[in-house]
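Student: Predicted structure and sequence below. I'll ask about it afterward.
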Amino acid sequence: MTALDNRLYAWLAEADDRRFERAFDAYFTVAFPAVVRHLSRLSRWDPAELEELAQDALLRFFERVGRGRRDASDTIRGTLPSIRPLAMGAFHERQVNGWTGEVDSFRQEAMGFQPTPRDIIEDSAWKTAIRRIAEQIPGLERQGLHLLNAVRLEFHWDDADPADSKGGQGNVPVQDFVESIMRELDSLSSRALEAQRQHPNVSPFVTGTWKVTRALPRLRVPTNGYLFEMAMTIYLDECKKRGRIKRGGTGARHAPARDDVALGDHPLEAADGHGDANADGGYAFGADEGVSFRFHTATTADIPVAEPTLQLEHTEFLEKFYAYLRQPVEAAAGACLQAQTPGKATAERARLDSLTQKLDCTLAVLTLMGEGHTQEETAAQLDLTRNQVKYIVEKVQEAYLRFTTNHRDRPSASSGAGATHHV
Amino acid sequence: MSEPFTPPRFDEFLRWLAHREALPGTGPPPDRYTTLLAAARLARDETLRAREDQTPGYSSNMGAHLEVLHLLAAASSEESASRPPELTTARGFRVTLSYDDGASAGDSTICVLVRCPPELIGQLSGQSAFLWNGTERFELGQFDAEGKAIGTLPAGIEIALSDFTQGRVKLEEPPPGED
């Protein structure tokens, strides 16, 4: 549980109105700029646009963790009793009863999750408990879909529409099956009537199982990791709407410019997939932990940092290196937008989230170092080990040296417009 | 003739970055804050309402000390009919059901043994464990020096294993000590 999550629960669980407002204010002063900063690392949109997105993300987050969760819980609680096994044998019956029981237990566990005052002060077992609850969702979803698919196979419902000439293709998505059978039950098609004759409770079973499966993800326990994911989703949706990423054109990865260092040497890519690097360095954090980096960066923003006196060409150079640091994240965002299939989109989104967390962590470390903190102080502030801080700084410093060497060797390439600033 | 370009040093990059990262954070205008505060209040209200629905007898005034833990799964119900079924909670409390001689696991339980996680023994020793059966709450007894609390169900209360697995029965975590 990060400090920002502590601030979240301080107001989310506060019954007294005055204390609620104070706690919310304490949360908001950190969370809002943190979301804006998070988005600004991904995008070069106008700050006002990013603030709009941050507001949308917070509004959607509040809706999801409040009304959305409660509605999902009510939906599941109200629907489960209508899901009774069909006449498909003892194995099916056990599966259905087992699943509904597990879903109900899970719902109660997820909705009953509440931190004790001690949890709010200390880290305690929050993080583990939240992660364990979150990890149950995909499995329960899969089981629900499996139950529906088993019914589809039992009914030989291999096409979405019997009048459709594509009939008999098999592997019809479960959603198509649900929509198809419900439509046909309404229109009294012969095969739907036959299914209902054999299984009188087929309609509540199919609609109920589908409804519950769809509602499960909305029971997710609130964390700021969820908020940041939501902000990213809103940003990507907005990009899709606009038909392009404002920065990075279509989102396709660029061929490395002449100033670029080979991507294999990139500090974010270097640690990618090197799990054992965590022992001595590297990036080691879970799904919701990246938030702490943002939080700490945000708090240090209060410390006035004198702007270094640099020539224009130096500033341009540093901007280019900063852009280089963000390059894998931007490329991942582009790949995410261009993914053609749901499976590919999920994989690309996971990669984007992972890279974004690494970038957040890297920038948090570098920012604190830039403010004059030692590696030990930086590690302590960000809940990292000193070796992790050292690893991150070394990787970026190596990349910076390569970047400067590359720049010196190819002075004409230092400007995208033809290196005019060297003359 | 221009001088050759000398890139800034790495420490200059760090200082520049620190300054750059500190830029956002002016905060939103007041009307935006008001909108978000209203949305947050709704989220808070829904959260508290959901909690009250979820926890019979829960009162906000009770703070968060009333921690209801849900029994997750019958850890050994399928292993052996001769062994009493054991259940675990998210925080590592273990609950064992004991039956009358001759009764099977499907019959009503008469005795419940609760063992707290070893790291909580010192903290919970002497405090009572409570079980919820639907909306009924009853005391099982106090945790002893070994972290065990044993209770016999009051007359007329019957709990079957299926009640546990269906999430009808919950264990209430004793409040933390005043240390």
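Tutor: Received it, and whenever you're ready, just let me know what you need.
Student: mind listing what the nearest residue to A:K390 once chain neighbours are set aside touches?
Tutor: In space, and not counting its chain neighbours, A:K390 is closest to A:Q375: 5.8 Å by C-beta to C-beta, 6 or more residues apart in numbering or on different chains. Backbone N, C-alpha and C define where each C-beta goes, glycine included. Contact analysis of A:Q375 by C-beta atoms under 8 Å, 6 or more residues apart in numbering or on different chains lists A:M369, A:R386, A:V389, A:K390, A:V393.
Student: what's the neighbour count on the first one?
Tutor: The one in question is A:M369. A:M369: 23 surrounding residues under other C-beta atoms under 10 Å in any protein chain shown.
Student: repeat for the fourth one
Tutor: The burial metric for A:K390, expressed as a neighbour count using other C-beta under 10 Å, is 17.
Student: How much space separates it from chain B?
Tutor: Computed as C-beta to the nearest C-beta, to the nearest Å, the A:K390 to chain B distance reads 14 Å.
Student: so that residue is in which element?
Tutor: helix A:386-409 (DSSP states H and E).
Student: Then B:W132?
Tutor: Assigned by DSSP H and E, B:W132 falls in strand B:128-133.
Student: Say whether chain A is contacted by that strand.
Tutor: No - using C-beta under 8 Å from any C-beta of the partner chain, strand B:128-133 never reaches chain A; the gap is at least 10.9 Å.
Student: List the neighbouring strands of that strand plus their orientation.
Tutor: Neighbouring strands of strand B:128-133 in its sheet, by DSSP bridges, are strand B:136-142 (antiparallel), strand B:169-173 (antiparallel).
Student: Retrieve the pLDDT associated with the residue nearest to A:K390.
Tutor: At A:Q375, the model reports a pLDDT of 91.
Student: Dump the C-alpha coordinates for the strand holding B:W132 into PDB.
Tutor: Coordinates of each C-alpha in strand B:128-133 appear next as PDB, following Å, rounded to 0.1, in the frame of the first residue of the first chain:
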ATOM      1  CA  SER B 128     -12.700 -13.000  22.000                       C
ATOM      2  CA  ALA B 129     -13.300 -14.400  18.600                       C
ATOM      3  CA  PHE B 130     -16.700 -14.000  17.100                       C
ATOM      4  CA  LEU B 131     -18.500 -15.900  14.300                       C
ATOM      5  CA  TRP B 132     -21.300 -14.500  12.200                       C
ATOM      6  CA  ASN B 133     -23.900 -16.800  10.800                       C
END
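Student: Output the helix or strand where A:R183 lies as PDB, nothing but the C-alphas.
Tutor: Element membership for A:R183, per DSSP H and E: helix A:174-187. Extracted C-alpha coordinates of helix A:174-187, given in PDB (Å, rounded to 0.1, in the frame of the first residue of the first chain):
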ATOM      1  CA  VAL A 174     -19.300 -16.700 -26.100                       C
ATOM      2  CA  GLN A 175     -20.700 -13.200 -26.400                       C
ATOM      3  CA  ASP A 176     -22.100 -14.000 -29.800                       C
ATOM      4  CA  PHE A 177     -23.600 -17.100 -28.400                       C
ATOM      5  CA  VAL A 178     -25.300 -15.300 -25.600                       C
ATOM      6  CA  GLU A 179     -26.600 -12.600 -27.900                       C
ATOM      7  CA  SER A 180     -27.700 -15.100 -30.400                       C
ATOM      8  CA  ILE A 181     -29.600 -17.400 -28.100                       C
ATOM      9  CA  MET A 182     -31.300 -14.600 -26.200                       C
ATOM     10  CA  ARG A 183     -32.400 -13.100 -29.500                       C
ATOM     11  CA  GLU A 184     -33.800 -16.400 -30.700                       C
ATOM     12  CA  LEU A 185     -35.500 -17.100 -27.400                       C
ATOM     13  CA  ASP A 186     -37.300 -13.800 -27.900                       C
ATOM     14  CA  SER A 187     -38.100 -14.600 -31.500                       C
END
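Student: helices and strands around it, which ones?
Tutor: Helices and strands touching helix A:174-187, by 3 or more C-beta pairs under 8 Å, 6 or more residues apart in numbering or on different chains; DSSP states H and E, are helix A:126-154, helix A:190-198, helix A:202-215.
Student: Please identify the most buried of those.
Tutor: Among those, helix A:202-215 has the highest mean neighbour count (mean count of other C-beta atoms under 10 Å in any protein chain shown), at a mean of 21.
Student: got the contact list for that one?
Tutor: Counting by C-beta under 8 Å, 6+ apart, A:72, A:75-76, A:79-80, A:82-86, A:103, A:140-141, A:144-145, A:147-148, A:151, A:174-175, A:178, A:181-182, A:185, A:195-196, A:199 sit against helix A:202-215.
Student: Who are the contact partners of A:V35?
Tutor: With C-beta under 8 Å, 6+ apart, A:V35 has these contacts: A:L53, A:A54, A:A57, A:L58, A:L227, A:F228, A:A231.
Student: Can you tell me the element the residue lying closest to it once chain neighbours are set aside falls in?
Tutor: Closest residue in space to A:V35, ignoring its immediate chain neighbours: A:A54 at 4.1 Å, by C-beta to C-beta, 6+ apart. For A:A54, the enclosing helix or strand under DSSP H and E is helix A:47-63.
Student: For the residue positioned nearest the centre of chain A, which non-adjacent residue is spatially closest?
Tutor: Geometric centre of chain A, nearest residue: A:E229, 3.5 Å, by C-alpha atoms, centre = their mean. The spatial neighbour of A:E229 that comes closest, neighbours along the chain excluded (C-beta to C-beta, 6+ apart), is A:D353 at 6.8 Å.
Student: in chain B, which helix or strand is least confident?
Tutor: strand B:67-74 (a mean of 48; mean pLDDT, DSSP states H and E).
Student: Just want the residue of the stretch 51-200 of chain A that's nearest chain B.
Tutor: Nearest residue of the stretch 51-200 of chain A to chain B (C-beta to the nearest C-beta) works out as A:G66 at 3.0 Å.
Student: ok, that residue touching B:A43?
Tutor: Yes - here A:G66 reaches B:A43: they are 3.0 Å apart, a contact under C-beta atoms under 8 Å.
Student: coming back round to it: could I get the contacts of A:V35 as CSV with pLDDT, neighbour count and distance to B:Q127?
Tutor: Formatted as CSV, those follow (pLDDT from 0 to 100; neighbours: other C-beta atoms under 10 Å in any protein chain shown; distance: C-beta to C-beta, whole Å):
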residue, pLDDT, neighbour count, distance to B:Q127
A:L53, 91, 20, 49
A:A54, 92, 28, 45
A:A57, 94, 25, 43
A:L58, 94, 23, 40
A:L227, 91, 27, 37
A:F228, 89, 26, 39
A:A231, 92, 24, 43
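Student: Between those, which sits nearest B:A155?
Tutor: A:L227 (50.6 Å; C-beta to C-beta).
Student: so where's chain B uncertain?
Tutor: Applying pLDDT under 70 to chain B flags residues B:1-3, B:23-29, B:52-85, B:90-91, B:99-110, B:133-137, B:156, B:160-169, B:173-179.
Student: what about the longest helix in chain B?
Tutor: Identified as the longest helix of chain B according to DSSP state H is helix B:30-54.
Student: quick one on the thing from earlier: for A:Y27, see how far away the residue of the stretch 51-200 of chain A closest to chain B is.
Tutor: Using C-beta to C-beta, to the nearest Å, A:G66 is found at 14 Å from A:Y27.
Student: Which of the two has more residues huddled nearby?
Tutor: A:G66 (24 against 21).
Student: So the more buried one: helix, strand or coil?
Tutor: helix (DSSP: H, G, I helix; E, B strand; the rest coil).
Student: Same question for the one 10 residues further on.
Tutor: When the structure is split into helix, strand and coil by three-state DSSP, A:I76 lands in helix.
Student: Do any residues in stretch A:127-144 lie close to chain B?
Tutor: Yes - using C-beta under 8 Å from any C-beta, stretch A:127-144 reaches chain B at A:A129, A:R132.
Student: secondary structure element for the residue nearest to the centre of chain A?
Tutor: helix A:224-242.
Student: now the angle from that helix to helix A:47-63?
Tutor: 130 degrees (axes from the mean of the first three to the mean of the last three C-alpha atoms, to 10 degrees).
Student: Give me the helices and strands touching helix A:224-242, please.
Tutor: helix A:3-12, helix A:17-40, helix A:47-63, helix A:290-300, helix A:312-338, helix A:342-370.
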